[in-house]
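Chemist: quick one: sequence and predicted model below, then my questions.
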Amino acid sequence: MGLTNEQYNTIMRDYQRQQLINRQELAERTEEIYSRFPEFSKIDRDIASASTACARRLLSEEEASVEELRDEIARLSAKRGEILRKAGYPEDYLTPRYKCKDCQDTGYIGSDKCHCFRQAAIDLLYTQSNLREILLEENFSTFSLDYYSKELTDPVTGLSAAQTAKRALEECKRFVSEFDQKFENLFLYGDTGLGKTFLSHCIAKELLDGTHSVIYFSSFRLFELFADSAFGRNQISSQAEMEQHIFDCDFLIIDDLGTELVNSFVASELFHVLNERIMRSKSTLISTNLSLATFADTYSERVFSRISSNYTMLKLIGDDIRLQKKISAPRG
């Protein structure tokens, strides 16, 4: 599971808060019953006393005298339930109530993480990924090859736009299936509106659902954050936290690289991010509208060399899908 210590502690603090709420609610219900039925508190004290005596006798191996105490506890418990029932309360009114009955809001069943912990991890990772809403619409189940031409071909490969997109889709699915076994990076390039961002979202959803940490940045926003840190517009603590997420998350998406204002600072920071994540064996996906030649000219041969030797290059060709959808949409 791709959780940092900070993320794990965040989830466990939520469990601790829920446990406190459970105790407070139980205390309020107990105070309500005690105030309405003064004899109820005496019954509870008698049950506690009998239970303690029963435990002592078991430890002393006086099992023969335990049965009488057990009968007394059962009688008192039945009387307790009868008082509640006659007053219109459920018999379990004074038992703890849990959001998850399986782990009783601890996050663990024995030494194993509960199913609710896994869901909490997924929810947290989705929130931190910046992708929660869009992934409801853009995922492998909604990706369509229908928008890619079977006639338009790439003069270099001889493959049609449809064949090229199908290959990219299969590579993305393979990337997900081998994610935990193989360190790999993806570089998606091609003209605007061909589904590069959509495919990155498809991968992100699968990894997030598998409780891997995923962070999405547009290139503009990523370098804006680095500039804020470099020029003192961030506190040191927030800068360190930002770098931890960018360098250590399981999967980093840098979308639309080339749309930001490129200068020596941006090129240097891009190399730093790529190099750090390669050294840490953390997978990255880059998408860009630039051709490979233009990309190399824009970011330097050093950056391009790092990408070409460490990334699987996937090209998309065709007509702008967003424009196709707009043209084919019914007019109101």
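Modeler: Good, I have the coordinates. Quick caveat: nothing in here was measured; it's all calculated off a predicted structure. Residues are numbered from 1 along each chain as shown.

Chemist: where does the stretch 151-300 of the chain dip in pLDDT?
Modeler: In the predicted model of the stretch 151-300 of the chain, residues 229-242 satisfy pLDDT under 70.

Chemist: now do the helices in it.
Modeler: 161-177, 196-209, 219-230, 236-248, 264-279, 292-299 (DSSP state H, counting those that start in this stretch).

Chemist: list the beta-bridge partners for the nearest residue to residue 189 once chain neighbours are set aside.
Modeler: Spatial nearest neighbour of residue 189, chain neighbours left out: residue 288 (5.1 Å); criterion: C-beta to C-beta, 6 or more residues apart in numbering. C-beta coordinates here come from the backbone N, C-alpha and C atoms, glycine included. Counting by DSSP bridges, residue 288 is bridged to residue 189, residue 257.

Chemist: surely residue 288 and residue 260 touch.
Modeler: No. Counting by C-beta atoms under 8 Å, residue 288 sits too far from residue 260 to count as a contact (10.8 Å).

Chemist: higher neighbour count, the two?
Modeler: Set residue 288 next to residue 260 and count neighbours by other C-beta atoms under 10 Å: residue 288 wins out with 23 against 16.

Chemist: contacting residues for the more buried one?
Modeler: 187-189, 196, 256-258, 295 (C-beta atoms under 8 Å, 6 or more residues apart in numbering).

Chemist: picking that back up, what would the helices of the stretch 151-300 of the chain look like in JSON lines with distance to residue 90?
Modeler: Output for the helices of the stretch 151-300 of the chain, formatted as JSON lines (distance: least, C-beta to C-beta, whole Å):
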{"stretch": "helix 161-177", "distance to residue 90": "47"}
{"stretch": "helix 196-209", "distance to residue 90": "37"}
{"stretch": "helix 219-230", "distance to residue 90": "52"}
{"stretch": "helix 236-248", "distance to residue 90": "46"}
{"stretch": "helix 264-279", "distance to residue 90": "55"}
{"stretch": "helix 292-299", "distance to residue 90": "66"}
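
Chemist: and these, which is most packed in?
Modeler: Mean neighbour count, computed with mean count of other C-beta atoms under 10 Å, is highest for helix 196-209 among the helices of the stretch 151-300 of the chain, reaching a mean of 22.

Chemist: for that helix, packing partners?
Modeler: helix 115-129, helix 161-177, strand 186-190, strand 214-218, strand 251-257, strand 283-288 (3 or more C-beta pairs under 8 Å, 6 or more residues apart in numbering; DSSP states H and E).

Chemist: turn these into TSV, columns for distance to residue 152.
Modeler: Shown next, in TSV, are the helices and strands packed on helix 196-209 (distance: least, C-beta to C-beta, whole Å):
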stretch	distance to residue 152
helix 115-129	34
helix 161-177	5
strand 186-190	12
strand 214-218	28
strand 251-257	23
strand 283-288	20
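
Chemist: any idea which residue sits dead centre in the protein?
Modeler: residue 125 (2.3 Å; C-alpha atoms, centre = their mean).

Chemist: thought that one was touching residue 215?
Modeler: No. Judged on C-beta under 8 Å, residue 125 makes no contact with residue 215 at a distance of 9.4 Å.

Chemist: looking at this structure, which helix is longest?
Modeler: If you go by DSSP state H, the chain has its longest helix at helix 5-36.

Chemist: by contact count, what packs against that one?
Modeler: In this structure, helix 5-36 packs against helix 38-59, helix 115-129, with contacts taken as 3+ C-beta pairs under 8 Å, 6+ apart.

Chemist: okay, the ones you listed in a markdown table with distance to residue 106 next?
Modeler: Formatted as a markdown table, these follow (distance: least, C-beta to C-beta, whole Å):
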| stretch | distance to residue 106 |
| --- | --- |
| helix 38-59 | 23 |
| helix 115-129 | 9 |
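
Chemist: so can I have JSON lines of the ones you listed showing distance to residue 299 and mean pLDDT?
Modeler: Shown next, in JSON lines, are the helices and strands packed on helix 5-36 (distance: least, C-beta to C-beta, whole Å; pLDDT from 0 to 100):
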{"stretch": "helix 38-59", "distance to residue 299": "71", "mean pLDDT": "84"}
{"stretch": "helix 115-129", "distance to residue 299": "25", "mean pLDDT": "79"}
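
Chemist: can you say which of those helices is packed in most?
Modeler: By mean count of other C-beta under 10 Å, these have helix 115-129 as the most buried, with a mean of 18.

Chemist: mind exporting that helix as PDB, just the C-alpha atoms?
Modeler: Provided in PDB are the C-alpha atoms of helix 115-129 (Å, rounded to 0.1, in the frame of the first residue of the first chain):
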ATOM      1  CA  HIS A 115     -11.600  -3.300   4.700                       C
ATOM      2  CA  CYS A 116     -12.700   0.100   6.000                       C
ATOM      3  CA  PHE A 117      -9.000   1.100   6.400                       C
ATOM      4  CA  ARG A 118      -8.400   0.300   2.800                       C
ATOM      5  CA  GLN A 119     -11.400   2.400   1.800                       C
ATOM      6  CA  ALA A 120     -10.200   5.300   4.000                       C
ATOM      7  CA  ALA A 121      -6.800   5.000   2.300                       C
ATOM      8  CA  ILE A 122      -8.400   5.200  -1.200                       C
ATOM      9  CA  ASP A 123     -10.500   8.200  -0.200                       C
ATOM     10  CA  LEU A 124      -7.400  10.000   1.200                       C
ATOM     11  CA  LEU A 125      -5.300   9.300  -1.800                       C
ATOM     12  CA  TYR A 126      -8.100  10.400  -4.200                       C
ATOM     13  CA  THR A 127      -8.400  13.700  -2.200                       C
ATOM     14  CA  GLN A 128      -4.700  14.300  -2.400                       C
ATOM     15  CA  SER A 129      -4.400  13.400  -6.100                       C
END
